[in-house]
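**Student:** structure for this input, please:
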Amino acid sequence: MTEPALAFTFPRRPTPRRGLVAVLTLLVLLIAAGRIRFALTEPLWFDETFTLAITGQETWAGFLRECWHDPGGPAYYLLARLWTGLFGAGDLAVRAPSLIAVAIAGALPMLIKVPGLSQPARIGWGLMIYAWWGVGFFLDARCYALLLAISTGQLIAFARLMETPGLRRALIWAGLAALAIVTHYYALFFGLAQGLIYLARWRLQAVRTWPAALAFAPAFAEIAWHAPQLKRFSALGKVWHPDLTAAGVVQVATFLVNPIGPLALAGAALVLILARLAGRRDDAELEVPPAAIWLTAGSGVLAFALVLAFALTGSGLSPRYLIPAAPALMLGLVLIAQAGPRPSLALGGLVFLWLGLQVSPALDGLGPRRPLPRYEFETASEFLMAKGVTDVVFLWDHEVTPIIPPDTIARVGGVFFQRAGRPVRVTPLVVTPDQDPNRLIPQAASGAMPGFIWLYNQDGHTAAHRFPPTLDKAPGWSCQRTAPGPAGVLACVKG
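**Tutor:** Numbers count the residues shown, from 1 in each chain. So this is what the prediction gives:
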């Protein structure tokens, strides 16, 4: 009987593709770890404090009232109120929805088929969106991460609608666009841009899907309810935001490509050029994306132009208001890569560039904690709590303070004391640019152990611009400054 031959199994060598996947996974996890550490250790900055004050209302009537006083849409606050009701109001807990939303935004292109995009292109686009958010400032308890996720879903829905018009697809797109609008009102320009492109491309077929427009009715009703307060904020646009200049437009555009700055845009151009020079395939093999997906990416450019035109009316503009355009602009880069002679090389270069730019911020976030120059008063509140204050004068020296009710300002000023179970009596102090807080704060301070928190900006149209904070040099006060500089916080306790 013949004995069977011995079978030898040799271990497989890791293929280059497996190595690349391993490196990508490591980078994604490193960024995630940096984000979580940042969310866990960094104090809430000032805008996040408003989120706590709004979502921490005892009644739903009080919650709606505070939503009305804020210039943002209510969708994020509703989510945050429900979330903190389940998981608490600690710093990591209130930031967790943003951490999750950014991950969802990156996952959407990978999970949903996008007409005109290959699977590698979808994966690359998703990873770029995930990395775009960075590690740091925008990972906060505000609406912007949720806006990124909704806008990414809206863009994918628009791509599908542009491929094949139909009522069902139109309803999905319109529903997401309406949700984006009540998350941040500037998202209206992105829905408008996409709607115009849809009508121009499909004309009569687009008109036949008109019932989908009814999905916008709740959003427009909410805007009408909120309009009086929005008008008051808009009137302060020129004071609150600097005038829009050519340099400012370039800054916003580079921010939308990647918040790291011009380095990312230059790097992307270099990657695409090198990929094109690296080799040439037969033109018959080139995978040219269809016109519909190019128009989808172009909707971000048109929306950008519409927002700039609106900003020139004096309404003001901050780069983060344009976050809905970021997925579209990154889609444009992915399409250029996919349409080139070496798509794998170009896509890989873009993905590694986007992820690689976040390595240093992620490592910084994982390193030893060091104080950051942040505009926040959580640290100031903890300082006063440690001193045993009973009464706090709270001064938010800002251009919009006069249009915010004093009781809202008082709730904001006491939010960290309330969260810590150390409630104090908060006296809101509202000053005009020609009033000296160094004189008015001591006059307002009273109680068994009085203290104050003064948030200032010496570069704004504020009292601090004319009267810089000097009470930390006055006798009888024990003080701490947070983020010393033109914009910062001064907290002092009497004695």
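**Student:** low-confidence bits of the stretch 201-350 of the chain, can you list those?
**Tutor:** Along the stretch 201-350 of the chain, the model assigns pLDDT under 70 to residues 237-242, 279-288.
**Student:** change it to 50
**Tutor:** For the stretch 201-350 of the chain, the stretches flagged by pLDDT under 50 are 282-285.
**Student:** and the helices in it?
**Tutor:** Assigned by DSSP state H, counting those that start in this stretch, the stretch 201-350 of the chain shows helices spanning 204-207, 217-235, 237-240, 246-257, 262-277, 291-310, 326-339, 343-356.
**Student:** just those: most buried one?
**Tutor:** Among these, helix 326-339 has the highest mean neighbour count (mean count of other CB atoms under 10 Å), at a mean of 24. Placement of C-beta: from N, CA and C, glycine included.
**Student:** just want the angle from it to helix 291-310.
**Tutor:** 140 degrees (axes from the mean of the first three to the mean of the last three CA atoms, to 10 degrees).
**Student:** returning to what we had before: reformat the helices of the stretch 201-350 of the chain as JSON lines; add distance to residue 105.
**Tutor:** Formatted as JSON lines, those follow (distance: least, CB to CB, whole Å):
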{"stretch": "helix 204-207", "distance to residue 105": "27"}
{"stretch": "helix 217-235", "distance to residue 105": "21"}
{"stretch": "helix 237-240", "distance to residue 105": "28"}
{"stretch": "helix 246-257", "distance to residue 105": "14"}
{"stretch": "helix 262-277", "distance to residue 105": "18"}
{"stretch": "helix 291-310", "distance to residue 105": "15"}
{"stretch": "helix 326-339", "distance to residue 105": "7"}
{"stretch": "helix 343-356", "distance to residue 105": "13"}
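**Student:** residue 30 is nearest to which of those helices?
**Tutor:** Nearest to residue 30, of all these, is helix 343-356, at 8.7 Å by CB to CB.
**Student:** residue 70 contacts residue 76, correct?
**Tutor:** No: in this structure, residue 70 is not within contact of residue 76 by CB atoms under 8 Å, at 10.0 Å.
**Student:** overlap in contacts of these two?
**Tutor:** Residues touching both residue 70 and residue 76 by CB atoms under 8 Å, 6 or more residues apart in numbering: none at all.
**Student:** quick one, which of the two is more surrounded?
**Tutor:** Between residue 70 and residue 76, counted using other CB atoms under 10 Å, the more crowded position is residue 76 (27 against 19).
**Student:** for the residue minimising distance to the centre of the chain, report the pLDDT, please.
**Tutor:** Most central in the chain under CA atoms, centre = their mean is residue 144, positioned 3.0 Å from the mean C-alpha point. For residue 144, the model assigns a pLDDT of 94.
**Student:** and the gap between it and residue 250?
**Tutor:** 21 Å (CB to CB, to the nearest Å).
**Student:** over to residue 294?
**Tutor:** In terms of CB to CB, residue 294 sits 24 Å off from residue 250.
**Student:** most residues in a single helix of the protein, which one?
**Tutor:** helix 16-41 (DSSP state H).
**Student:** same for whichever helix or strand comes after it, what does it pack against?
**Tutor:** Where DSSP states H and E defines the elements, the next helix or strand beyond helix 16-41 is helix 46-55. Helices and strands touching helix 46-55, by 3 or more CB pairs under 8 Å, 6 or more residues apart in numbering; DSSP states H and E, are helix 60-69, helix 75-87, helix 91-111, helix 406-413, helix 415-419.
**Student:** among those, which is nearest residue 389?
**Tutor:** helix 415-419 (8.6 Å).
**Student:** keeping just the C-alphas, turn that closest one into PDB.
**Tutor:** What follows is helix 415-419, C-alpha atoms only, in PDB (Å, rounded to 0.1, in the frame of the first residue of the first chain):
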ATOM      1  CA  VAL A 415     -24.100  75.600  34.700                       C
ATOM      2  CA  PHE A 416     -20.900  74.000  36.100                       C
ATOM      3  CA  PHE A 417     -21.900  74.800  39.700                       C
ATOM      4  CA  GLN A 418     -25.300  73.200  39.100                       C
ATOM      5  CA  ARG A 419     -23.800  70.200  37.500                       C
END
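**Student:** which other helices and strands contact that helix?
**Tutor:** helix 46-55, helix 378-387.
**Student:** who wins for proximity to residue 217 among those helices?
**Tutor:** That would be helix 46-55 among these, by CB to CB, at 24.9 Å.
**Student:** now do the closest one: distance to the chain's middle.
**Tutor:** How far helix 46-55 lies from its chain's middle: 15 Å, per CA atoms, centre = their mean, to the nearest Å.
**Student:** please apply the same query to stretch 435-449.
**Tutor:** 36 Å.
**Student:** now that stretch: mean pLDDT?
**Tutor:** Across stretch 435-449, the per-residue pLDDT values average to 96.
**Student:** nearest to residue 481, out of the helices of the stretch 201-350 of the chain?
**Tutor:** The minimum distance between residue 481 and those falls on helix 237-240, with 24.2 Å, by CB to CB.
**Student:** domain assignment for this protein?
**Tutor:** 16-366, 378-494 (automatic domain parsing).
**Student:** quick one: low-confidence parts of the stretch 1-150 of the chain?
**Tutor:** Using pLDDT under 50, the stretch 1-150 of the chain drops low at 1-11, 14.
**Student:** make it 90
**Tutor:** 1-21, 38, 40-42, 45, 133-140 (pLDDT under 90).
**Student:** for the residue nearest to residue 36 when sequence neighbours are not counted, list the residues it contacts.
**Tutor:** Distances taken as CB to CB, 6 or more residues apart in numbering place residue 99 nearest to residue 36, at 6.8 Å, with adjacent residues excluded. Contact partners of residue 99, counting by CB under 8 Å, 6+ apart, are 35-36, 39, 139, 145.
**Student:** mind redoing it with 10 Å?
**Tutor:** 32, 35-36, 38-39, 92, 133, 139, 145 (CB atoms under 10 Å, 6 or more residues apart in numbering).
**Student:** let me know the pLDDT of residue 479.
**Tutor:** pLDDT, read off for residue 479, is 95.
**Student:** any idea whether it is helix, strand or coil?
**Tutor:** Put simply, residue 479 is strand when judged by DSSP: H, G, I helix; E, B strand; the rest coil.
**Student:** so it touches residue 493, yeah?
**Tutor:** Yes: taking contacts as CB atoms under 10 Å, residue 479 lies within contact range of residue 493: 7.8 Å.
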